[in-house]
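Enquirer: predicted model, plus sequence, below.
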Amino acid sequence: MSESKRPSVLAGLIAEGKADPITAEERAIVAEIRAYYEKKFGRRADGGSADRGIPKSA
């Protein structure tokens with residue numbers, strides 16, 4: 001299964017000059033947060049977040 005990417009609203013705003021692109025430092029922060037989240041909660045096959053219906057402690 002290949003990952004499909006949705007068009008980014010932010011990309012459109014950047015192209016229109018209404019928003020600044022994220023910096024390399026900000027991109028690294030997001031990558032760290034995503035890695036932490038996926039380690040803690042797992043990753044869904046469709047690329048979304050893990051099932052929120054059942055807490056890990058249950």
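Expert: Structure's in. What do you need?
Enquirer: output the below-cut-off pLDDT ranges for this structure.
Expert: 1-4, 45-58 (pLDDT under 70).
Enquirer: buried set for the helix or strand hosting E26?
Expert: In the assignment (DSSP states H and E), E26 maps to helix 24-41. Buried residues in helix 24-41, defined by neighbour count with 16 or more other CB atoms under 10 Å: none. The way it works is simple: take the backbone N, C-alpha and C, and place the C-beta from them, glycine included.
Enquirer: that helix packs against which elements?
Expert: Applying 3 or more CB pairs under 8 Å, 6 or more residues apart in numbering; DSSP states H and E, we find helix 24-41 packed against no helix or strand.
Enquirer: send me it as PDB with only the CA atoms.
Expert: In PDB, the C-alpha atoms belonging to helix 24-41 read as follows (Å, rounded to 0.1, in the frame of the first residue of the first chain):
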ATOM      1  CA  ALA A  24      14.600  23.100   8.900                       C
ATOM      2  CA  GLU A  25      14.500  23.500  12.700                       C
ATOM      3  CA  GLU A  26      10.700  23.400  12.800                       C
ATOM      4  CA  ARG A  27      10.700  20.500  10.400                       C
ATOM      5  CA  ALA A  28      13.000  18.600  12.800                       C
ATOM      6  CA  ILE A  29      10.800  19.400  15.800                       C
ATOM      7  CA  VAL A  30       7.700  18.000  13.900                       C
ATOM      8  CA  ALA A  31       9.700  14.800  13.000                       C
ATOM      9  CA  GLU A  32      10.600  14.300  16.700                       C
ATOM     10  CA  ILE A  33       7.000  14.800  17.800                       C
ATOM     11  CA  ARG A  34       5.700  12.400  15.100                       C
ATOM     12  CA  ALA A  35       8.300   9.700  16.000                       C
ATOM     13  CA  TYR A  36       7.400  10.000  19.700                       C
ATOM     14  CA  TYR A  37       3.700   9.800  19.000                       C
ATOM     15  CA  GLU A  38       4.200   6.700  16.700                       C
ATOM     16  CA  LYS A  39       6.400   5.000  19.300                       C
ATOM     17  CA  LYS A  40       3.800   5.600  22.000                       C
ATOM     18  CA  PHE A  41       0.600   5.000  20.100                       C
END
